[in-house]
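Novice: Next input, structure requested:
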Amino acid sequence: MSVATILNTGQPRTDSAGLKEVGIGASISSLTQFARVRLLQFGVSTQDADDLAQDIMLNMMRQLPSFEIEKGSLESWITGFAKMAAKAWMRQRALKLQREVPLELAPGVADASTTDELLANAIQRALSRLPDVDRMMVELRFTQGLSSKQIADRMGMSDMAVRKRLSRAIERVRRDGGLREALYF
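Specialist: Down below sits the predicted model:
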């Protein structure tokens, strides 16, 4: 079924809640409005619902060739897109709220130099927890700017071993609790 066929047949109807639901022949603007209403029903803020509805319509248009009318209505298909978009929006909002700390709760951190000091100290502590070989590799890579090949030559290891150890060491530093605390507070 072509895009033109889907958008040019059928009629809008009203559901039991009085919300305007769209039939297959609805225009793009009424489909976008339908997606917006669904997003609001799923708890998305009014400010973000318009943007997300537009994103849903773009995504829907990209995937329209895979839509099969026999498997369900266009309304349920758009509702599925809206549900996924609402879940993603809620996850992003939750992560943002976790990272945000009001300045009145952390008065000493507002100063940029204090923040830089806290961060530098946290990085040093995280690096000190690494094995000596890994710490040396990280320092050669990030303070002296050596490539993994140059580090491998200096340390008598293969390039691949250095890359793997560097990757794992950096991941350990990223996961360090003290560093996370310094980043978010």
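
Novice: where does the residue with the largest distance to the centre of the chain land on pLDDT?
Specialist: With distances taken as C-alpha atoms, centre = their mean, the residue sitting farthest from the centre of the chain turns out to be residue 156, at 39.8 Å. Per-residue confidence for residue 156 comes out at a pLDDT of 93.

Novice: That one and residue 64, how far apart?
Specialist: Here the distance between residue 156 and residue 64 works out to 58 Å (C-beta to C-beta, to the nearest Å). C-beta coordinates here come from the backbone N, C-alpha and C atoms, glycine included.

Novice: do the same with residue 132
Specialist: 58 Å.

Novice: These two: which has the busier surroundings?
Specialist: residue 64 (15 against 7; other C-beta atoms under 10 Å).

Novice: Assign a three-state SS to the more buried one, would you?
Specialist: With DSSP: H, G, I helix; E, B strand; the rest coil as the basis, the three-state label of residue 64 is helix.

Novice: Could you check how far it is from residue 58?
Specialist: Distance from residue 64 to residue 58, counting by C-beta to C-beta: 11 Å.

Novice: thought residue 161 was touching residue 148?
Specialist: No: proximity of residue 161 to residue 148 does not meet the contact threshold set by C-beta atoms under 8 Å, at 9.3 Å.

Novice: neighbour count winner among the two?
Specialist: Neighbours around residue 161 and residue 148, counted as other C-beta under 10 Å, are more numerous at residue 148. The numbers are 21 against 14.

Novice: The chain: strands as residue ranges?
Specialist: Listed from the start of the chain, the chain has strands (DSSP state E) covering 13-14, 20-21.

Novice: what's the model's confidence in the first one, averaged?
Specialist: Think strand 13-14. Per-residue scores along strand 13-14 average to 44.

Novice: same deal with the last one?
Specialist: The predicted model assigns strand 20-21 a mean pLDDT of 43.

Novice: I'd like to know how far residue 36 sits from residue 62.
Specialist: When distance is defined by C-beta to C-beta, residue 36 is 19 Å away from residue 62.
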